[in-house]
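Engineer: just a sequence and a predicted model for now, questions to come.
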Amino acid sequence: MNRKIDDLGHKRLPVFIILALAILLIFVLISASIREPHPLKPIEGLVVKATAPIFNFFHESVALVSRVWRGYIYLVGVQAENERLKMRAQENLSKEALYQETFLEKERLRQLLEFKNQAALPVTGARIIGFDFSIWFKCAFLDKGANDGIKWGMPVLNAAGVVGRIVEVYPDYAKVLLLIDRASAVDALVQRNRLRGILNGVGASRCFLRYIHKNQDVQVGDVILASGLGGVFPRGMVLGTVTAVDKKVPGLFQEVEVEPAADYTRLEEVLVVKTVQSVLSKP
Amino acid sequence: MWFFYLILGFFLFFLQHLIPFPADLRLDLLTLFMVFVSLRTDFIVAVVLALLFGLILDCYGLAPLGLQSALSLTAVVATALLRRRLNFLYVLPQIAGVAVIMLLQGLVMVGLLHLLLPVPVVYPAMLRQACLQLGVTALSSPIVLGLFALLEKGWRRCLRRKSRRSVGEG
């Protein structure tokens, strides 16, 4: 009798049956979801739709506690900060006039040169509601979806530069493939000397600029921009900065390590560019 | 206790994205949650929760559906097997047990990814992160599991008080 009872107090047969069923279910899920297009995609949408409000509730609760703490309880130094900000506001007023003049001059020059007006890209703001925290994949979830005009392939930016691109769209949510994911590849160029390469994610918090020949000049600190040739990211958007260059690696090309411009550990709000037409077709 | 485990799981899933850990140093709260659930409740409940939270993790990530469920299930099964050899009430067995469980999870993940993806899956940077995650999670497991136990105790106390009040009213 004892042999039929395990340490959890269950009969062994049901435990094995449950385990076998669970493993079978996992293999069915995996095999169905790696097919293109996979038939379980509606389930993903349903799960996200069902669980996102719960995470939003947690998010709002934490934000409320944080607001109450910062706005009503932790007010040390607020008066001094207020004085300092008033002085800075005065300084900024005079600076603003200067910037306005410079901006108008830039607009005139750009019209003369018939450059594409990239500063007026139609964008929509979105909030990041979750990340894939695993070390194997790097993606984020936005609180805007197809109902807000988000489409597959649209680039996602923040003030620092490119964040990634939309890879899945649900009615109210969208999934962003971050630049640092292994599946991400962007046609890029070095700002200083217009050298072209492919910026690849490696799954960690860094990217690598591939296919730069060893005799070509890339230096630490060089800014890497989107070339616009992929048809996804607007030309000239900042992708990152070169942090290391290794020419001793075997092969034809040097190894150029790039730190992405966007800080993925502090990403909260992003902009989705809504007009850049992707030349790629959705798989 | 179903409801408590469900709320705790959802909260940990949320928290996992909130804690600002330095330089990708991450504490795998959901694996610790699976270990805790396996230690405290029925095997069936633990398996169902593992599948549920695995599915949610996959839906919020890039992995194909079922991959995270496989990892959660590995944690549940490994805990059920290890508890025969290790006494999870003590600190050192807890640390060793969690380290072994996370090692098994890593092997399962690498194995499945190797089968599923046509590109190489293991990079030195990833291995370094995986080792850091393993170390941080294993070393902090006594504190985290203790905290879960305290929360569970508080929840039980609340339920008991509530049921006593309803009996009194009756």
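Structural biologist: Received the coordinates, thanks.

Engineer: domains of chain A?
Structural biologist: A:2-67, A:123-280 (automatic domain parsing).

Engineer: distance check, whichever residue of the stretch 51-200 of chain A sits closest to chain B against A:Ile224.
Structural biologist: Residue nearest to chain B within the stretch 51-200 of chain A: A:Asp132 (3.3 Å; CB to the nearest CB). All C-beta atoms are positioned from the backbone trio N, CA, C, and that covers glycine. As defined by CB to CB, to the nearest Å, A:Asp132 lies at a distance of 24 Å from A:Ile224.

Engineer: if you count surrounding residues, which of the two has more?
Structural biologist: Per other CB atoms under 10 Å in any protein chain shown, whichever of A:Asp132 and A:Ile224 has more neighbours is A:Ile224, with 29 against 23.

Engineer: among the domains of chain A, which is the most enclosed?
Structural biologist: Each of the domains of chain A was scored by mean neighbour count; the highest is domain A:123-280, a mean of 19, by mean count of other CB atoms under 10 Å in any protein chain shown.

Engineer: which stretch of helix or strand covers the residue sitting nearest the centre point of chain B?
Structural biologist: With distances taken as CA atoms, centre = their mean, B:Thr31 lies nearest the centre of chain B, 2.1 Å away. In this assignment (DSSP states H and E), B:Thr31 forms part of helix B:29-40.

Engineer: and if you look at A:Leu189?
Structural biologist: strand A:185-190.

Engineer: need the three-state assignment for A:Val220.
Structural biologist: Classification of A:Val220 by DSSP: H, G, I helix; E, B strand; the rest coil places it in coil.

Engineer: count the residues that sit near B:Asn87.
Structural biologist: Using other CB under 10 Å, B:Asn87 has 10 other residues around it.

Engineer: close to chain A, is the lengthiest helix in chain B?
Structural biologist: Taking DSSP state H as the criterion, chain B has its longest helix at helix B:124-169. Yes. Contact of helix B:124-169 with chain A (CB under 8 Å from any CB of the partner chain) involves B:125-126, B:129-130, B:133.

Engineer: out of the residues you listed, who's the most crowded?
Structural biologist: Busiest of the residues of helix B:124-169 next to chain A [other CB under 10 Å] is B:Gln133, holding 23 neighbours.

Engineer: give the helix, strand or coil label for the nearest residue to it once chain neighbours are set aside.
Structural biologist: Nearest residue to B:Gln133 in three dimensions, chain neighbours excluded: B:Arg26, at 5.2 Å (CB to CB, 6 or more residues apart in numbering or on different chains). Here B:Arg26 is recorded as coil under three-state DSSP.

Engineer: what's the neighbour count on B:Arg26?
Structural biologist: By the measure other CB under 10 Å, the count of residues near B:Arg26 is 18.

Engineer: correct me if wrong: it contacts B:Val136.
Structural biologist: Yes. Proximity of B:Arg26 to B:Val136 meets the contact threshold set by CB atoms under 8 Å, at 7.0 Å.

Engineer: and B:Val100, its phi and psi?
Structural biologist: Dihedral pair for B:Val100: phi -60, psi -40, per degrees, to the nearest 10.

Engineer: before we move on, back to that, list the contacts of the residue nearest to B:Gln133.
Structural biologist: With contact set as CB atoms under 8 Å, 6 or more residues apart in numbering or on different chains, B:Arg26 has these partners: A:133, A:135, B:16, B:129, B:132-133, B:136.

Engineer: which pLDDT value goes with A:Leu25?
Structural biologist: Per-residue pLDDT puts A:Leu25 at 87.

Engineer: list the contacts for A:Pro260?
Structural biologist: A:Pro260 neighbours (CB under 8 Å, 6+ apart): A:161-162, A:179-180, A:205-207, A:239-240.

Engineer: before we move on, the earlier item: is the helix holding B:Thr31 positioned near chain A?
Structural biologist: No. Shown here: helix B:29-40 not in contact with chain A (CB under 8 Å from any CB), separated by at least 8.7 Å.

Engineer: against B:Leu117, how distant is A:Pro37?
Structural biologist: According to CB to CB, A:Pro37 stands 18 Å off from B:Leu117.

Engineer: mind listing the strands for the stretch 101-250 of chain A?
Structural biologist: A:123-131, A:139-142, A:155-157, A:162-169, A:174-178, A:185-190, A:196-201, A:207-213, A:223-226, A:238-246 (DSSP state E, counting those that start in this stretch).

Engineer: need the three-state assignment for residue 55.
Structural biologist: No chain was given, so I picked chain A. Of the three states, A:Phe55 takes helix under three-state DSSP.

Engineer: ok, the one 3 residues further on next?
Structural biologist: Under three-state DSSP, the three-state class of A:Phe58 is helix.

Engineer: can I get the domains of chain A in TSV with distance to A:Arg88?
Structural biologist: Formatted as TSV, the domains of chain A follow (distance: least, CB to CB, whole Å):
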stretch	distance to A:Arg88
domain A:2-67	23
domain A:123-280	19
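
Engineer: which one, of these, ends up nearest to B:Gly106?
Structural biologist: With CB to CB as the criterion, B:Gly106 lies closest to domain A:123-280 of those, at 9.6 Å.

Engineer: check A:Phe133 and give its pLDDT.
Structural biologist: Note for A:Phe133: predicted pLDDT of 60.

Engineer: can you check the one 4 residues further on too?
Structural biologist: Note on A:Phe137: pLDDT of 80.

Engineer: now swap in the one 5 residues further on and tell me
Structural biologist: Per-residue confidence (pLDDT) for A:Leu142: 89.

Engineer: how close does it sit to A:Ile166?
Structural biologist: A:Leu142 is 8 Å from A:Ile166, where distance means CB to CB.

Engineer: need phi/psi at A:Ala20.
Structural biologist: Residue torsions, per degrees, to the nearest 10, at A:Ala20 are phi -60, psi -40.

Engineer: now do it against B:Val77, distance only.
Structural biologist: 12 Å.

Engineer: same thing with A:Val202?
Structural biologist: For A:Val202 relative to B:Val77 (CB to CB), the value is 32 Å.

Engineer: same check on A:Glu269?
Structural biologist: 41 Å.

Engineer: same question, A:Glu255
Structural biologist: For A:Glu255, the distance to B:Val77 (CB to CB) stands at 41 Å.

Engineer: do A:Leu46 as well
Structural biologist: Applying CB to CB to A:Leu46 and B:Val77 gives a distance of 27 Å.
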